[in-house]
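Trainee: Fold the following.
(2 chains)
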Amino acid sequence: MMELARATRWTVLGLLLAICAQAISIQAIAQTPDASADFPARIDALVTAATPGVPEFYEQESVLLRKLYLCLIGQPPIIGEVDAYLADSTTDKYVKKVDELMARPEFIEHWAEKLDVMLMERRANTHIPQDQWAAWLRAQLASKRPVNQLMADLLVADGAPGDNRPSSRFLLDRTGDPHLITKDVARIYFGRDIQCSQCHNHPTIDSYLQTDYHGLFGFVAGVFMTEVADGDKKVQMIGEKSASDSPFESVFRKGTMHRVLPHLFGGEELAQPWMIPGEDYHPAEAGKPAKPLHSRREQLASAIRSGTVDSFNRNIANRLWAQVFGRGVVEPVDLFHADNPPLSEELLTGLTQQLVASQFDLRTFVRDLVRSKSFQRGQISVEADANPASIAWINTAAEKVAERIAQTEQASAQLRDKKNASYEAFQKGLSDNAALQAERLTAFANVDTCRAAYSQTLEALKKANAEKAAAEQAVNAANDKVAKLQAATDASASALAAVGQDAELTAAVELLKTRTAAAKTATEPLQKAFTDKSAVATTAQEASAKSKEALLAAQNSATQVNQRYQDASRIAQQLRSQADADVMASANTELTLHQLKKYATWNEVDSRLTQLAQQVQQANNEVTVQKTNLAAVMASKQTADQKLPEFIVAAETMVGQLSVNKKAVEELSTKVSRLVTAKDALTASVELVGEPQKIGVAIEQLDVSLVALQQQLAGSTQELAKVEASTTQRQNELNQHKQVIAKLQEQATSIEKLIADSAQLQSKCEMDIASARQDRAAAATSIAQLLGNRFVASQLRALTPEQIGWSFLTVNQVYKNYVDKHLAELEKAAPATAEQQADAQFQLARRTEAVRKARAELQGNINHFVTLYGAGPGQPQSDFFATPDQALYANNGGAIFAWASPSNDNTSARVIATANAADAAKILYRGILCREPIGSEIEAVTKYLEQQPDQRARLVQEMSWSLMASAEFRFLP
Amino acid sequence: MRPSYACGSAEHTMARRRFLAGAACGGAALFGGLNLLTHGAAAATMAKKQKKILLFNMHGGLSQLETWDPKPGTETGGPFRAIPTSVPGIHISELLPKTAQQMHHLCLLRGVNTSEDDHGKGAYMMLTGRRQNPAANFPELGAVAAKTLSPESSPMPGHIRIVPSGGGGRGNDAAYLGPKFSSVALGNGKPPQHTLLPDGIDEKSESRRQSFRKSADQSFAARHPSAMTDAFLNSYDSAEQLMQKRDVFDVEKESDSDKDRYGRTDFGRHCLLARRLLQNDVPFVQVMHSNYDTHNENFDFHQELVPQFDAPFATLISDLATLGLLDDTLVVVMSEFGRTPNINLYMGRDHWSKAWSVVMAGSKVARGAVYGATNDKGTEVVDGKVDHGQLFHTYLQAVGVESTDNFVLDGREVPIADPSCEPIWKVLA
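Mentor: The predicted model follows:
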């Protein structure tokens, strides 16, 4: 009967689970992606579609090889492998290399490290030792356990001793704390950092609601860590309480209580079976915590296993992509929300579909990613000076950018209004539900009360039954005593009858009779007690049955209220989806805007530079023209300067002549005036002397002379006037010439000023150019980063602490030596038969074992790099940081320098053995950095080796160290 | 010349949402603005006087009754007297005669109630200003100070712990602020690890291998300009400077007279080293004094331990004041909790977090003051009750950090101190 009831319940439960799974799959994924499409090519198409028009540059072969090695097996190739790869001329060598690396034991080793870091974030191994956990992860990867199954296992692990105990590390090393588990499951399983939402809605991310936190929390709220005896020892295990929701309130809005059923991020609540106290656990198993009949964490796990939880699937696709590409399609990987949309929704959807279609097979997925052309892209230099052709596309991309920015801004503003309106509608939807929510809260609380009451009646019943049983036992014992005494009485009476008269026997029989009667009397109160206790038990039974009825009634009524609530909240959910969609659309336009603005900045700086260059050219031309002009003017001036003395002499000569002529005129004038005086005297003497005739003759003679003289004077005066005119002319000519010279000087000066101005303009332009170049370099870096962010170009990324550690150990073959040593030891311990030698499987197994032993031996070194380069426990591990203690260790720790020392045929040894410095440089760069050195690097190596030729080994070790300690070794381009 | 890519790097570390919201770089501000932010601000900080915090961690639980809040002559008071200090009216335990003379620099908070009697949890609360929560981890005061007070370009570790022994490594006390702000432990006052050239590398080898590395790094940085490359190159520059400044950590370089003044004890040397570090602008130094967990023979132990603390501490406070450092340095003396007023059967005092004392001095803290009080027997706070959260805010405010602001980490805003608490404004001048 009991069994049947349980079976029925299980069917009901199974049905419920099926419904739950259905409920989660609102955004169920099409299970049939285009099988004919080559997925790597589809990735490329999606990446290109998200950022069209960018030229494709591919990474140089050996650098790509390093990237591929680090990505797949966590360590770079050794020099021999680089040589062989470069020498291989087959066209499919890249794909062959991918498969070769994925078949190596290090693939599993490395991806187990990655999964460990992703899942545990370097938390301390408090309950599960690291080697057991890592071995478990490796075993999962080796058996190709689907990632979703593996992660679901972690959620339901109980930690019971055995092979699967390590799977409980996720929960145990989080001390089984439900809130910590909720936060980490939200981030690691669902890509949502919702820890703020434990106490209130996220202050800046609208879609991180407190109800969602508690929706997820509901799945694990019953989880706890408990100590269970395992033989003599006690071990920590994970238990789960049945049904445990509790109301919560926002710390910002105290007083309004909420209560939710388990659900995922805005999805519908999952139906939960009502659990009846006393019937809610599986029968206890020895050495294990009791298991609830309905396990909510199992509900979550089975949803994840079903492959229908879109938020989980997208997160895993994104996280695996980020492992390979160094950055998520949604970045940061734990901030999935509408306002942080994926770089390309189509890309993320495509990846997710592929992951689901491949049954969450990590290998298939990773293999597709590294085979894509996108993985092989190189850095794009957008420096015009470096390669003018490589920037033409930006100018094309930036065409009409101002107009497009304006359009996008307008669209953005509209979308912003729309999203605000949708959010308001959603909030209103929520408040419309407030009454129902409160009603449900009361109904659920009522169920809680009834359940508690029923539990109490169960306790009372248990107690009553125990007392009844005790009373019954007492009655039975007493009855037994009576029966035994009766039997003894009968036996002794029968003995007395056989023996006949016997006083002692008669006394004994009497005594027995008395005792039997007394015993009989003694059973009576016991019998009564039993009857009483039976009545109490019956009453308790009735009370319990009644209480159970009340509980069932409360449950029924809560179910009905819940149903109405669910129906109503579907509307709010739709409004929320709409709001999210609008927020995402708005965020996308802003993303476009951001990209356009970057192009615009580039465009602006670039055209500014062009203008400036033109200005410089113009100024330059002007200077040239003006310099020619100046030369002509200066030539004219020189000629004029040369002629100036002539004019001066000419003018001065005329001045001399003028004075001669003036003197002559003066003399003549004097003579004339004296003659006139003489004539006047003669004329006056006629009156005195009275001899007019005689005197008249003299006067006449005088007149003749006077006339002659006057004529002479007139001639001279005329001559003087001529000379004077001539003098003035000469003077004028001199002055004019001087003016010509002055004018030429003036011209020269103004041309010189023009030249100076142009030169000043030129130098100002050149300064502007220098600053514009800096701006353009910044814009270039910024665009390069944008392109890297959008996967159309590779982006610099830092190696993980494990990758750095294994790289140090690899490039000079320390690692190889350890593996070889263990291979030799294995071979020595159990030499391979000829058959085994030919058996690839055997060889792989042997190598896997040797690799494991070598790595176990070297792990201490790696742990040291993890402490140096890794973030703190429980913190996100992807943030880059560089601290002086890392550099101090590289400088002075001694280990890296020791690993750079020559041995066997490692890089350093090969460099030492190479006489030609250029060849030595090639080996050094190929061996440590997987690339060919450039001219200046060869030169530097050559010079280094010349410093102390007798100390060649030492010098090579130093250079090896330098490159191992350099930035290029720390990063992946 | 290296291009300015501050914007790109900011974008790298900033969640998309945040910069989309226009809070950070966008459009026109793309170049000039952020450049200023990264370089200008750092320069301005450097120009300012470096603010610092010196924390005394009295490990195990210092008795307030044998130190800052004596109750002589009561049933809980124990055998020691209270003595007057340099501030009339303020009395402290006779076990602190030298410190009493420095009282005019100190501020006693006698109303501390942290309600946590577990060593680990109490220490966590006092150092992080928050109650321990398995679901979240918070940075210690030292990490917060290193992040908020260190100049961007400083080669010196911003967060130093002087511990009695061991040490050398990086502490795990910066939580989400990242390992850059984790503590560097100086075990028994020894300089940080790996600050000396290893055996077999002489100056000549060192200089040539470093210059080879540097030229490789510079050419890489030119090819791959990024904030990460820059940070990597800076880490080597800092390492180099740290090696040059190794003496800063070497207390032996102090004069004999100073060594005598601080006392030739471990704690004395640690205090002198702390002074040396503060003089060299290290923003956070923690000195530990151990072990005050005196469940047995409380009075004997305090009689032995407190005087060990008293003299060097008083010398250090007096020196900081004389050197003018006290104006920029906050000094805190804390424990994980105090000790019970009740004296147990073994003449010991047990864990007690309901009413105990913390001491602050320097920077913006009121001088020669007492804030808060306990009742006659020291069993309850009757005035000025404060807890770990308020204290944490106050420490930061005292050195000019707006403790109610948020850190922005990878685009996420995280409150600097517990947002449900406020600073104790009354003790801040």
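
Trainee: Name all residues that make contact with residue 150.
Mentor: In the absence of a named chain, this looks at chain A. Contacts for A:L150 were tallied using C-beta atoms under 8 Å, 6 or more residues apart in numbering or on different chains; they are A:115, A:140. Backbone N, C-alpha and C define where each C-beta goes, glycine included.

Trainee: meant chain B, my bad for not saying
Mentor: B:156, B:158, B:283.

Trainee: Leaving out the residues flanking it, which one is nearest to the last one?
Mentor: Think B:P283. Closest residue in space to B:P283, ignoring its immediate chain neighbours: B:L149 at 3.9 Å, by C-beta to C-beta, 6 or more residues apart in numbering or on different chains.

Trainee: try B:P423
Mentor: The nearest residue in space to B:P423 (C-beta to C-beta, 6+ apart) is B:H393, at 3.9 Å.

Trainee: Surely A:C196 touches A:L209?
Mentor: No. If you go by C-beta atoms under 8 Å, A:C196 and A:L209 don't touch, sitting 10.5 Å apart.

Trainee: which residues are common contacts for these two?
Mentor: With C-beta under 8 Å, 6+ apart as the test, A:C196 and A:L209 both reach A:H202.

Trainee: thinking again about what came up before, which of the contacts of B:S150 sits closest to chain A?
Mentor: B:M156 (8.8 Å; C-beta to the nearest C-beta).

Trainee: quick one: average pLDDT of the strand or helix carrying A:L72?
Mentor: Taking DSSP states H and E as the definition, one finds A:L72 inside helix A:61-73. Regarding helix A:61-73, the rounded mean pLDDT is 97.

Trainee: And for stretch B:384-393?
Mentor: pLDDT averaged over stretch B:384-393 gives 97.

Trainee: Kindly format the C-alpha coordinates of it as PDB.
Mentor: C-alpha atoms of stretch B:384-393 as PDB (Å, rounded to 0.1, in the frame of the first residue of the first chain):
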ATOM      1  CA  GLY B 384      28.400  57.600  21.900                       C
ATOM      2  CA  LYS B 385      27.800  54.000  20.800                       C
ATOM      3  CA  VAL B 386      29.600  53.200  17.600                       C
ATOM      4  CA  ASP B 387      30.200  50.000  15.600                       C
ATOM      5  CA  HIS B 388      32.800  48.700  13.200                       C
ATOM      6  CA  GLY B 389      30.900  50.100  10.200                       C
ATOM      7  CA  GLN B 390      30.800  53.600  11.500                       C
ATOM      8  CA  LEU B 391      34.500  53.400  12.500                       C
ATOM      9  CA  PHE B 392      35.500  52.200   9.000                       C
ATOM     10  CA  HIS B 393      33.700  55.200   7.500                       C
END
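
Trainee: coming back round to it: how about the residue nearest to B:P423, secondary structure?
Mentor: Three-state call for B:H393 (DSSP: H, G, I helix; E, B strand; the rest coil): helix.

Trainee: ok, it to A:I896 distance?
Mentor: Distance, B:H393 to A:I896, by C-beta to C-beta, to the nearest Å: 44 Å.

Trainee: Give the residue from these two that has the larger number of neighbours.
Mentor: More crowded of B:H393 and A:I896, by other C-beta atoms under 10 Å in any protein chain shown: B:H393, with 25 against 20.

Trainee: got the contact list for the more buried one?
Mentor: Neighbours of B:H393 in contact, by C-beta under 8 Å, 6+ apart: B:129, B:403-404, B:417-418, B:421-424.

Trainee: List only those of those residues flagged as buried.
Mentor: B:129, B:403-404, B:417-418, B:421, B:423-424 (16 or more other C-beta atoms under 10 Å in any protein chain shown).

Trainee: wait, which of those residues is closest to chain A?
Mentor: B:D418 (11.9 Å).

Trainee: B:V382 belongs to a strand?
Mentor: Yes. Looking at B:V382 with three-state DSSP, it is inside a strand.

Trainee: in the stretch 51-200 of chain B, which spans are helices?
Mentor: For the stretch 51-200 of chain B, applying DSSP state H, counting those that start in this stretch gives helices covering B:97-100, B:119-128, B:141-149.

Trainee: Would you mind listing the buried residues in the first one?
Mentor: Residues of helix B:97-100 classed as buried under the neighbour-count rule (16+ other C-beta under 10 Å) are B:98-100.

Trainee: What's the local residue count around the residue of the stretch 301-429 of chain B found nearest chain A?
Mentor: Among the residues of the stretch 301-429 of chain B, B:D410 lies closest to chain A, at 6.0 Å counting by C-beta to the nearest C-beta. If you count neighbours by other C-beta under 10 Å, B:D410 ends up with 19.

Trainee: Identify the residue nearest B:N406 in space, chain neighbours excluded?
Mentor: B:N406 sits nearest to B:E413 (C-beta to C-beta, 6+ apart), 4.1 Å away.

Trainee: From the contact counts, what lies against the strand or helix carrying that neighbour?
Mentor: Assigned by DSSP H and E, B:E413 belongs to strand B:412-415. If contacts are counted by 3 or more C-beta pairs under 8 Å, 6 or more residues apart in numbering or on different chains; DSSP states H and E, strand B:412-415 sits against strand B:406-409.
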